[in-house]
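Asker: Give me coordinates for this.
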Amino acid sequence: MPMKRTNVYVDPDELAIIKEAARRRGVSEAEITRQGIHPTAMANRVWDEPLFSRTFEGTGHTPAKRDVRDAVADAARCENGSDAAA
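Answerer: I've put the predicted structure just below:
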């Protein structure tokens, strides 16, 4: 993906840390900056779809680990078009 240029202002102490990290790792200062920005950008992203877009009808009790595993496996089989029982 092509990148766009932007300017970021940091205080001198932070810039010294970025320069040292870039030198030590053998990458550009821009790469260190991108790696620092990415987690914050992702944490503040607004997603188009909710994380859990499907609902499952439950039994009213907390399912056992095996029940969860079986339900996920069944859903995966249905999505892949193999409805045959395993």
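Asker: Nearest residue to the middle of this structure?
Answerer: M42 (7.2 Å; Cα atoms, centre = their mean).
Asker: tell me the SS of it?
Answerer: Classification of M42 using DSSP: H, G, I helix; E, B strand; the rest coil returns helix.
Asker: Tell me which other helices or strands the helix or strand bottoming out on mean pLDDT in the chain touches.
Answerer: Of all helical and strand segments in the chain, the minimum by mean pLDDT, DSSP states H and E falls on helix 65-79, at a mean of 89. In terms of contacts (3 or more Cβ pairs under 8 Å, 6 or more residues apart in numbering; DSSP states H and E), helix 65-79 is not packed against any helix or strand. Using the backbone N, CA and C atoms, a C-beta is placed for each residue, glycine as well.
Asker: quick check, distance from it to the centre of its chain.
Answerer: Mean-position distance between helix 65-79 and its chain equals 23 Å (Cα atoms, centre = their mean, to the nearest Å).
Asker: Same check on stretch 26-41?
Answerer: Its chain's average C-alpha position is 16 Å from that of stretch 26-41, according to Cα atoms, centre = their mean.
Asker: got the buried residues for that stretch?
Answerer: 32-33 (16 or more other Cβ atoms under 10 Å).
Asker: Quick one: mean pLDDT over it.
Answerer: Stretch 26-41 shows a mean pLDDT of 94.
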